[in-house]
Structures are given as C-alpha cells and as structure tokens.
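S.K.: give me the fold of what follows.
(one chain, ligands or ions: 2)
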Amino acid sequence: MEARSKVVIVPCRTYNKENVYRAVKAGVDALGGIGAFIRHEEKVLVKPNYLTAADADKAVTTHPAVIEAVLRLVSEYGCADISCGDSPGHGKGEIVHARLGMDEIMEKYGVRPAEMNEEVLTDFPEGMIAKRFYFAKEITEADAIINVCKMKTHALERITGAVKNVYGFICGVRKAAGHVSYPNPMAFARMLADIHRATDIRLNIMDGIVAMEGNGPGSGDPTPMNVLLFSADPVALDATYCRLVHLEPWSVPTCGQGQIMGIGTYEEDKIDLLLAEPAESGAEAEDGGEITESAAPKLTPVNTETLVSRFGNPNFNVDRRATSSGGKWGFRIGLLNRFTKRPYIDKKACVRCGVCVAHCPVPDKAVNFTKGKDKPPVYDYSRCIRCYCCQEMCPQHAIHVKGI
Ligand code: SF4
Ligand code: SF4
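M.R.: Ligands and ions are numbered 1, 2, ... in the order given. Down below sits the predicted model:
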C-alpha cells in the first residue's frame, strides 16, 4: 500500500449507458488507466453487488449500466478472459443476472458469467482473524478482481461499500455461518479485511449515482448521490462515501478495522481527492440523453470541504451513532441484548414466507414461527446475535432495525 491513497470522484447524474461509460473511463483514467490495474493475459473477474434479485432502479444491486461500463472498459483494453458475477445473499447469481439484463450485456462483450455456486476451501494462514475461507471457485481462479460495489446503508456495518462487498466472495450457503463466527460489527469487519488481504482486488469502483439510504442493504430507499467513486484503496473509498453522507469514517467498523488491518486508510490527511469531470462542466445530458461532443476529462484536486459542499447530503438516512466493539461471546450477547439495535417485523407487511427464519444463522433459530405459520415469525432476542441477516434478506422489506 502506497503511503497516500487516491480517491477519484466523477459526477454522474443518470444511468444513461454512454454517460456512465464516459464517467467510468474518466475515473479509471484519472488513476492511470485500466492498464495500471490489469494485464491483457490475466483472468479478470468483475464483481458487482448482487444482494438479491431486484429491479435496477431499487438500488439493491450495482446498476447494470455501471457493470456494463466496467466490462466494456476491460474488454476494449483487450483482456481475453473476463468473467462477471457475485454470490447473492439469497438465490442464485444467474437469477440476478437475468433480472438486471446482464446476460445480453455479457454476451455483447464476450464475458463469461461467474456462477459462484461452487465453493473451494481456501487456507489463508496469514489471516489475522480468519485462517480459511469457503470462496466461490471463480474467486480462486481469478488473477485480478475489480470490485464494483454499491453505495448503500447496512444494518450491521452501517454502510456497505468496497470493504463489505467482498462478502459475496463466500458462497451463498456459507454466509450465514460467517455471521455466527464473527457476530459483532468489529469482528465481522476484521474478517472482511482478511478477505481483502487474501484476494487480489486491484480496483474498487462505487456506484453512488443512486444510492440506498435507510433500511439497507435490501429494503432501503433509493436516493440520488450523483457520483461514482474510484480507488485502489477500499477503505479510502468507503471513507469518502462516509464523508459525503456526514458520517464519521472512524465510527464505521469496516473503515476503522480496515485501517487497523492494513488494507487502507480512512484518514483525511492521507487521502488525495481528485475530481474528474468527463466533459465540460454542465455538458452532461440533463435528460439522460447521450453526450455527443468529445471532451477530455477535467481533473481537479479537491479537499473534503469542497467535495462535501458540492456532492454531500447531510440528510442521508444512515445510523450515525457510535458502535459497540463486543467482548467474549456470552458477555457480548448480554451486552448486545441490552444496548444494540433489534430487528422487528412489521406484521402488516409480513407474508410469512419464512425467508428470515431460513437465513437466521443461530442454531435453533432466533426468529421462528413459534406461534404457527399462519402468524409472522417471532424473535427470541436472548439468542439473537444481531447479525441482521433476517432484515437483509426479507423480500417484503417487512423487517426494520431499531434502537431499544
Ligand atoms: S422474511 Fe419477511 S415476509 Fe418473510 S416471514 Fe420473515 S418477516 Fe415475514
Ligand atoms: S434473528 Fe435476525 S438478527 Fe437475530 S440472529 Fe437471527 S438472522 Fe440474525
């Protein structure tokens, strides 16, 4: 890791494909071009955020226009072996591909779909907290990974961005077990940092054109932030997102623990911010139409104050309270039960599908149909480890996380 980290910010107000491609190219070029991150002969995996199958405008997934722009850039560079995919938290990646129209896009650029269904037990003796992972096979086969994350809120880690997005490297069925092994935000963030240390992520790109605020990462509200962020440093990228939404990066476990574990920095005075504008100011098509003129990106070093005043949103709905760090298991559960936010089911919205029960990683389930399947599931908070998998996976957005 170089002494200073660089984050490039590119304004982009629409998901018009050509606009997004220009913006992505401008962002990557400002970091030295795609050739600074990958070589022609390498197997390159583009890894979006596919939490679950949802329409692109719901902001649950990385938008397909952003994924396409990255695939196009890598393809035009001349990489012969490109794949794209993620292991969703619920369902299969191919269903998300289909929902987002990615099959046609991948075919257009000669990209292989990465199904991420087959797991490979991967030892990582250098791990600080995790010594082995059940990675999807495609993760172990890739020479280089481009992490194309989504700007969203997250009940456990308060945000999901570049650091958190790597949890999709773990095959779907194994994700719940990880929440049991690393049951608090700090431990979970450290495990995520070990995934970064164990894999070769060359570049992180964040889709913040339309972000998700509120009850994220699956049930929140889309809100325009009008930016794409780029960095080789996942922590610096997430920290910049934090600053845009008036959230202290040190209070976010994936930033704090990510820095401690050496995968990047959240410190403002160690991050160079560069604004890259893909066309003359104001030339972006306001109505989503294509930009026709060709203009070299304008590069401007900026400070945080300028960036936040131009792109920040102080009203972005995200949890800004301090985070508890936890201790030994039993003691920790006791503290969690007293001080940590709880998941609640909105009984009117619940359709009793049982997805929350199926995804609860606690043995014997901390949420279950204890009053029968004709009623919504009921929580046993004394056994709940507050992983919020139930909230993350509820397809009806019926679960909310609140303080007590
Ligand atoms: S996943 Fe949501 S809708 Fe399904 S049973 Fe649980 S709370 Fe109800
Ligand atoms: S009830 Fe929900 S938050 Fe609690 S352990 Fe189960 S999945 Fe996690």
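S.K.: surely T122 is in contact with A130?
M.R.: No - T122 is beyond contact range of A130, at 10.3 Å (criterion: Cβ atoms under 8 Å). Where you see a C-beta, it was placed from the backbone N, CA and C, and this is true even at glycine.
S.K.: give me the common contacts of the two.
M.R.: Each of A198 lies in contact with both T122 and A130 under the rule Cβ atoms under 8 Å, 6 or more residues apart in numbering.
S.K.: which one of these two is surrounded by more residues?
M.R.: Neighbours were counted for T122 and for A130 using other Cβ atoms under 10 Å; A130 has more, 19 against 15.
S.K.: phi, psi of the more buried one?
M.R.: Backbone torsions of A130, given as degrees, to the nearest 10, read phi -120, psi 120.
S.K.: so it makes contact with H196?
M.R.: No - in this structure, A130 is not within contact of H196 by Cβ under 8 Å, at 11.1 Å.
S.K.: so who does the nearest residue to V166 once chain neighbours are set aside touch?
M.R.: Using Cβ to Cβ, 6 or more residues apart in numbering and skipping the chain neighbours, the partner closest in space to V166 is I195 (4.5 Å). Counting by Cβ under 8 Å, 6+ apart, I195 touches 130, 133, 166-167, 169-170.
S.K.: measure stretch 161-174 end to end?
M.R.: Criterion Cα to Cα, to the nearest Å; first-to-last residue distance in stretch 161-174 is 21 Å.
S.K.: list the buried ones in that stretch?
M.R.: Residues 161-172 are the ones in stretch 161-174 that count as buried (16 or more other Cβ atoms under 10 Å).
S.K.: check those one by one and keep those near ligand 2.
M.R.: By Cβ under 6 Å from any ligand atom, no member of the buried residues of stretch 161-174 lies near ligand 2.
S.K.: so which of those residues belong to helices?
M.R.: Among the buried residues of stretch 161-174, the residues falling in helices (DSSP state H) are G172.
S.K.: hmm, which of the buried residues of stretch 161-174 is lowest in pLDDT?
M.R.: Of all the buried residues of stretch 161-174, G172 carries the smallest pLDDT score, 82.
S.K.: what about that one, distance to ligand 2?
M.R.: Per Cβ to the nearest ligand atom, to the nearest Å, G172 is found 15 Å from ligand 2.
S.K.: next: I399.
M.R.: 8 Å.
S.K.: how many residues are close by that residue?
M.R.: Neighbour tally, I399, other Cβ under 10 Å: 28.
S.K.: just V120 next, same as before
M.R.: Burial of V120 is recorded as 14 neighbouring residues (other Cβ under 10 Å).
S.K.: go on, T304?
M.R.: Neighbours around T304, by other Cβ under 10 Å: 16.
S.K.: how about the contacts made by it?
M.R.: By Cβ under 8 Å, 6+ apart, the neighbours of T304 are 243, 268, 273.
S.K.: from the buried residues of stretch 161-174, which is closest to ligand 1?
M.R.: Among the buried residues of stretch 161-174, G172 lies closest to ligand 1 (Cβ to the nearest ligand atom), at 16.2 Å.
S.K.: quick one: pLDDT of I291?
M.R.: The score at I291 is 48. That number is its pLDDT.
S.K.: check I260 and give its pLDDT.
M.R.: We have a pLDDT of 88 for I260.
S.K.: one step back: adding distance to A366, write the contacts of I195 out as CSV.
M.R.: Below are the contacts of I195 laid out as CSV (distance: Cβ to Cβ, whole Å):
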residue, distance to A366
A130, 23
F133, 25
V166, 26
Y167, 20
F169, 26
I170, 21
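S.K.: so which of these are in strands?
M.R.: F133 (DSSP state E).
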